[in-house]
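# Here is my input, please return the structure:
(2 chains)
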Amino acid sequence: MKFVDEFRDRAKAEILVKEIERLLARMKRDETRPLQIMEVCGGHTHSIFRYGVEGMLPKSIELVHGPGCPVCVLPMGRVDDCVAIAERPEVIFTTFGDAMRVPGSRKSLLQAKADGCDMRMVYSPMDALGIARQNPTREVVFFGIGFETTMPSTALTVLQAEREGIKNFSVFCNHITIVPTIKAILDSPDLRLDGFLGPGHVSMVIGDAPYEFIARYYKRPMVIAGFEPLDILQSIWMLLRQIDEGRCEIENQYARVAPRAGNAVALEAVAQVYELREFFEWRGLGSIDHSGVKIREAYARFDAERKFAVPNARIADPKSCQCGEVLKGVIKPWECKVFGRACTPETPLGALMVSSEGACAAYYQYGGVKRGRDEAEASAA
Amino acid sequence: MNMVSFPFRRPRGKVHAPTVTLAHGGGGKAMKDLVDDVFVEAFDNPLLALLDDSAQIDLLGLAQYGDRLAFTTDSFVIDPLVFPGGDIGRLAVCGTVNDLAVGGALPLYLSCAVIVEEGVSIDLLRQIAKSMATTAQEAGVKIVTGDTKVVNKGACDRIFITTTGIGVVAAGVELGVHRARLGDAVLVNGLLGDHGAAILGARGDMALQSPIESDCAPLQDLVASLLDAAPNTRFIRDPTRGGIATVLNEIAEAAQVAIEIDEMATPLRDEVRGFCEILGLDPLYLANEGKIVAITPPDEAEQAIDAMRAHPLGRQAAIIGNVVAGEPAGRVTMRTIFGGRRIVDMLVGEQLPRIC
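Have a look, this model is predicted:
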């Protein structure tokens, strides 16, 4: 398939892996521990597992799978709010597919659908607006979820609804923003990360300037990366080169999609419709200041939170869950006490087991890294 | 039980109503007319013109084909009822015929039980019955008994069909999952995932137009040529719901072996790959309705492929992997197109599209 297969080329991958090995061999570093690189975005985690990238890397590189899966980090209380809205008889609740399985304290959206809620899977908020047009006697609520990647399309839909004077459409806004979360991870006392693969699709909207503080104040390098496996390998190689040369910069490997300045039109729509929340709750990470957005007063009539008084209860993560430590790279998924036992993709306890983009679900589903390394050692021997 | 077997001796009734109503399920004249005009008309079958509540089949006649009876049943509840490449009728025949065929049986007779929601158009029902008849002819089977029920609006989704089939397994044909051995080849007869992609596309909720057609087809001839060419074939399955990934996991689990497939060798239509790329789906989990997975000894793999490629339903047949050592029994792995390796696990729940 044109423009896809080129980025999955096996021969080029082998060359890059050799280059990575060569760089590692000559680098001066603490040999007693692996280099820890966090891929912030769940899309990267998915690709890494889907193509077996982790097993191709030398043992001395450890990929830490970051918090960038919006479905995973959604706290239970917010899912409960979704269910409460969806259970109203006048409501048609519309959502992206993979949010359906996220467990709430009572039930997931999938269970709510089975119990009779009118729940419809959509691909875009514009589809939800279409449903609102077709069902003028019903209240159509769109479950707004995602980072800066999906934030503009929800904002543009709200603006479109306003232009058309549609009264039966609203958004339950759970959009979150990645930068304060990266900062929270960098501020944690047990941090060990050596560098970041930056979220390419977020950067397509926000550009690369918002990450400058990571290099400047925290002295960690970042490479904004694309999502094909060659993108990921090349970004790791670029990151190693920075570490080797003692540089800490925000580099962009994904320039073919993510322009340095971001997308001005998208940013304008975002600024027009949303404002920062004082704090937002993240599953596995707790409350993080200014990490979520809500709909501005001017668009209050499109805000499901205002339209339907939601319970807005805060439900604590299960005590046994160690998602936070996995997210920060302190432990690997399989080192968590409940991984694969109480916590599985069928009955996820923690955030990271929820979506296929979550680190734990990916390990559970695709297995892999440990076995990949054992094999690499065996074949080297 | 108002079991109705057909065809009938008396002159056939005619349906004049445009849609099915509860009267058509009442057991009276309206129902007999519906059965006559729609089903008996389509399935017409002079060989079994008995009027009893059951079709009676001559045992000696069956015995000429082999020494064991194969017996299977399947229900079909697909939405939409008519989709690119087929409809619920074609699917209902192929599904049961293929379940018999992959067990090494020659499919011979089917039953057809239909549950219809009131309000369904008679023309649609007629179209589906005709499609069943055409497909049955293609598959070399006769539909010899059936039942029709009409239910209240909302009690079912328009039309549900259950087909039950019997076939005969020839003496000497011994297929069994436990026969898989180290080094065996894993074969498929063509492009994977077409049915799943066609159905998802046809439902229209993906807002995606796709030219993909279902691969829905009866496979008894293809399986017969495969078994002729590779008589020591260990085992055959049809990778329907859950796709190739699920079937390979079932095989690995049941046979207590490890299987590795090569993504590069896995035949996929570009349109299906594109469809999956856009929607964030994995084609290995998409349903097929005209595909088989066969495990053959390594020395019969090439002739099995040649035999399948010589058949119209096997032109793109390929060896996609092997039974391997060095992995825990029950595990399926894949050498990715990129050169890495990953585990191909059973699907948890339904495949849900990813948001980004």
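# So A:Val171 versus chain B, what's the distance?
As judged by CB to the nearest CB, to the nearest Å, A:Val171 and chain B stand 15 Å apart. Where C-beta positions appear, they are placed from N, C-alpha and C, glycine not excepted.
# How about that residue: what's its closest non-neighbour residue?
Leaving aside its chain neighbours, A:Val171 sits nearest to A:Gly144 (4.5 Å; criterion: CB to CB, 6 or more residues apart in numbering or on different chains).
# Contacts only, for A:Arg192.
A:33, A:36, A:328-330 (CB atoms under 8 Å, 6 or more residues apart in numbering or on different chains).
# For PyMOL, what selects the buried ones among those?
The buried residues among the contacts of A:Arg192 can be selected in PyMOL (16 or more other CB atoms under 10 Å in any protein chain shown) with this line:
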select buried, chain A and resi 36+328+329+330
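# Output the contacts of A:Arg192 as a markdown table; include the columns pLDDT.
Listed next are the contacts of A:Arg192 as a markdown table, based on pLDDT from 0 to 100:
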| residue | pLDDT |
| --- | --- |
| A:Arg33 | 88 |
| A:Gln36 | 93 |
| A:Lys328 | 77 |
| A:Gly329 | 75 |
| A:Val330 | 81 |
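# And the contacts of A:Arg192, which is closest to chain B?
Lowest distance from chain B to the contacts of A:Arg192 (CB to the nearest CB) belongs to A:Gln36, with 19.9 Å.
# and the closest one, backbone torsions?
phi -100, psi 120 (degrees, to the nearest 10).
# need the contact list for it.
Residues near A:Gln36 by CB under 8 Å, 6+ apart: A:62, A:64, A:192-194, A:329.
# Report the beta-bridge partner residues of it.
A:Glu62 (DSSP bridges).
# Please tell me how far it sits from A:Arg241.
To A:Arg241, A:Gln36 is 17 Å away according to CB to CB, to the nearest Å.
# how about the residues of the stretch 201-350 of chain B that lie near chain A?
Neighbours of chain A within the stretch 201-350 of chain B, by CB under 8 Å from any CB of the partner chain: B:205-207, B:270, B:273-274, B:277, B:279-280, B:282, B:334, B:336-343, B:345, B:348-349.
# measure A:Ile295 to A:Val158 for me?
Taking CB to CB, one finds A:Ile295 at 7 Å from A:Val158.
# pLDDT below threshold where in the chain?
No chain in the question, so chain A it is. A:367-381 (pLDDT under 70).
# right idea, wrong chain: chain B
Looking at chain B by pLDDT under 70, you get B:1-12, B:46-52, B:205-208, B:349-350, B:352-356.
# rewinding a little: CSV for the contacts of A:Arg192, including secondary structure?
Below are the contacts of A:Arg192 laid out as CSV (DSSP: H, G, I helix; E, B strand; the rest coil):
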residue, secondary structure
A:Arg33, coil
A:Gln36, strand
A:Lys328, coil
A:Gly329, coil
A:Val330, coil
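# In JSON lines: the contacts of A:Arg192, plus distance to A:Ala361.
Formatted as JSON lines, the contacts of A:Arg192 follow (distance: CB to CB, whole Å):
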{"residue": "A:Arg33", "distance to A:Ala361": "26"}
{"residue": "A:Gln36", "distance to A:Ala361": "21"}
{"residue": "A:Lys328", "distance to A:Ala361": "18"}
{"residue": "A:Gly329", "distance to A:Ala361": "17"}
{"residue": "A:Val330", "distance to A:Ala361": "19"}
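# what's the closest of the contacts of A:Arg192 to A:Thr177?
Closest approach to A:Thr177 among the contacts of A:Arg192 (CB to CB): A:Lys328, at 18.7 Å.
# thinking again about what came up before, in helices, which of the residues of the stretch 201-350 of chain B next to chain A appear?
Using DSSP state H, B:270, B:273-274, B:277, B:279 are the members of those that sit in helices.
# And the buried ones among the residues you listed, selectable in ChimeraX?
Here is the ChimeraX command that selects the buried residues among those (16+ other CB under 10 Å):
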select /B:273,274,279
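# secondary structure element for A:Val40?
Applying DSSP states H and E as the criterion places A:Val40 in strand A:35-41.
# Please give me every residue in contact with A:Arg133.
A:164, A:166.
# I appreciate the help and will end here.
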